[in-house]
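Just a sequence and a predicted model for now, questions to come.
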Amino acid sequence: MDGDALYERRLREQEQQIHPDPLTQIKHIQSQIPKASGGKQFTVCMDFDGVLCQHETSDPIDEIGPPLLPGIKLAKQIVASGNKLVILTARPEQMHNTILGWLKGMGVKAYEVTSKKPPAAIYIDDRAEKFPKNFTGGSNGGQKTNGSQKARTKTSRF
């Protein structure tokens, strides 16, 4: 089997493993949440729209839809596990306090609401697809690069 066919087969197999059904997906996410211990807290980032509340692109940006109970339950589990819950949203900054209040009304204690992707142990988003870290996809069957293959570009700090 050539590299491209092998790559396509691996993608199909991965797709079946990642997206079997919504309940299996949620159980998988729950199993990936790190356990806080010994004072070590992890940041878990959750998307707001489509994960914690119902939202369609045509919905007004200043209205919050009905809660999505599986997402709310998961958010509560994250906080109960001792981790820091950060909510990521594309909504304007003036909505962030409203979102925090809405979450509080749902019994979810979020650390913050932000529009900037924070460093986190795990990201939970309804639109995300996992991309294999450092995947080259080349003729080596898509193996990760090793240190000698990495080319670095220096950038200035801003």
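Structure received.

residue boundaries of the strands in the chain?
Applying DSSP state E to the chain gives strands spanning 43-47, 84-88, 112-114, 122-124.

can you put those in a markdown table and add mean pLDDT, distance to P66 and mean neighbour count?
All C-beta atoms are positioned from the backbone trio N, CA, C, and that covers glycine. Below are those laid out as a markdown table (pLDDT from 0 to 100; distance: least, C-beta to C-beta, whole Å; neighbours: other C-beta atoms under 10 Å):
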| stretch | mean pLDDT | distance to P66 | mean neighbour count |
| --- | --- | --- | --- |
| strand 43-47 | 96 | 16 | 22 |
| strand 84-88 | 97 | 17 | 21 |
| strand 112-114 | 97 | 19 | 16 |
| strand 122-124 | 93 | 19 | 18 |
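
Would you convert those into a markdown table that also reports distance to D21?
Formatted as a markdown table, these follow (distance: least, C-beta to C-beta, whole Å):
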| stretch | distance to D21 |
| --- | --- |
| strand 43-47 | 20 |
| strand 84-88 | 25 |
| strand 112-114 | 30 |
| strand 122-124 | 17 |
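
what's the closest of the ones you listed to I29?
Relative to I29, the nearest member of the strands of the chain by C-beta to C-beta is strand 122-124, separated by 6.0 Å.
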